[in-house]
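Got a predicted model here, sequence first, then my questions.
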Amino acid sequence: MLPADDTAPPLLTIRNAHVVRGQRVLLDGLSLTLNTGQHTAILGPNGSGKSTLVKLITRQLYPLAGGYVSLFGHARWNVTDLRSLMGIVSSSIQLDFDAHPPLEVFDCVVSGFFAARGLWKQHAVSDDMRARSREALEQTGASHLIGRDMSSLSTGEARRVLIARALVHRPKALLLDEPCAGLDPAARRVFLEGLRRLAQGGTTLILVTHHIEEILPEIGHIVMLRDGRVLHEGDKSALLDSAHLTELFDMPVEVQPHGAWFGASVD
């Protein structure tokens, strides 16, 4: 894991965030600080507030009055400018690129510069954009997919293309929201190994999941969410054990280390 950059403002700061929908409290006074270089896994059962937290970070939701959210030291962002600092990858985003009309892989990646689905007449694509798109596809091991339609790709292949699309901006961080959803075990391992290379290359990863077997060896920081609050936060070596996971998921969970990885079973 790369050391956190203590000289830079925090990648993410949340203070006393309350999010309510109808009568339901989704986040209950949540506070959290993550630093650039601090690879983090955000763990929690369904309904714990993970998806709401992602929407808070991506500016799809805002906290009630009194809450505070900042990214890279700024509370106000133009979403286009933010994209150059933080890339977003999720299984739900993929659905947009599987739809009609068909979208070719390279066009999908280049169109990331314009926050569009595909390229249109008004988009002026520069040689630098093309070069950075090829670079990003090579970085994710997906350059051999150029020429194919997104809808023809396997789930794992499409997910790598979408990471390349996020990487064209050369962001400092990637927010990965359940990125392994829909992947079979073999495709998941290939995909996770690609994420490891990104982490080792200096891109800060924030992984949102409820599967501890997806936590990369490079991730050293754990945030456990339950009922819209931070239940525990700290070093992976202190938190990824049976006692903490049992408390988090409210059922007996047995944690088994597998080298630098972890697995879990429900008793």
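The structure has been received and is ready for your questions.

mind listing what the closest residue to residue 164 other than its chain neighbours touches?
Sequence neighbours aside, residue 136 is the residue nearest to residue 164 in space, at 4.0 Å (criterion: Cβ to Cβ, 6 or more residues apart in numbering). (C-beta placed from N, C-alpha, C; glycine too.) Neighbouring residues of residue 136 by Cβ atoms under 8 Å, 6 or more residues apart in numbering: 109, 164-165, 167-168.

Now flag whichever of those residues is closest to residue 59.
The nearest member of the contacts of residue 136 to residue 59, counting by Cβ to Cβ, is residue 165 at 18.7 Å.

Would you state the strands of the stretch 151-267 of the chain in chain order?
Taking DSSP state E, counting those that start in this stretch as the criterion, the stretch 151-267 of the chain contains strands spanning 173-177, 204-209, 221-226, 229-235, 253-258, 261-266.

what helices or strands is the third one leaning on?
Counting contacts by 3 or more Cβ pairs under 8 Å, 6 or more residues apart in numbering; DSSP states H and E, strand 221-226 packs against strand 24-34, strand 40-43, strand 229-235, helix 236-239, helix 242-249.

Please identify the most buried of the ones you listed.
strand 40-43 (a mean of 26; mean count of other Cβ atoms under 10 Å).

Determine the next helix or strand in the C-terminal direction from it.
Sequence-wise, the next helix or strand downstream of strand 40-43 (DSSP states H and E) is helix 50-57.

what mean pLDDT does that following helix have?
Averaging pLDDT along helix 50-57 yields 92.

same question, stretch 12-19
For stretch 12-19, the mean pLDDT works out to 96.

In CSV: the strands of the stretch 151-267 of the chain, plus distance to residue 82 and mean pLDDT.
What follows is these, written out as CSV (distance: least, Cβ to Cβ, whole Å; pLDDT from 0 to 100):
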stretch, distance to residue 82, mean pLDDT
strand 173-177, 10, 95
strand 204-209, 14, 96
strand 221-226, 21, 98
strand 229-235, 23, 97
strand 253-258, 35, 94
strand 261-266, 32, 92
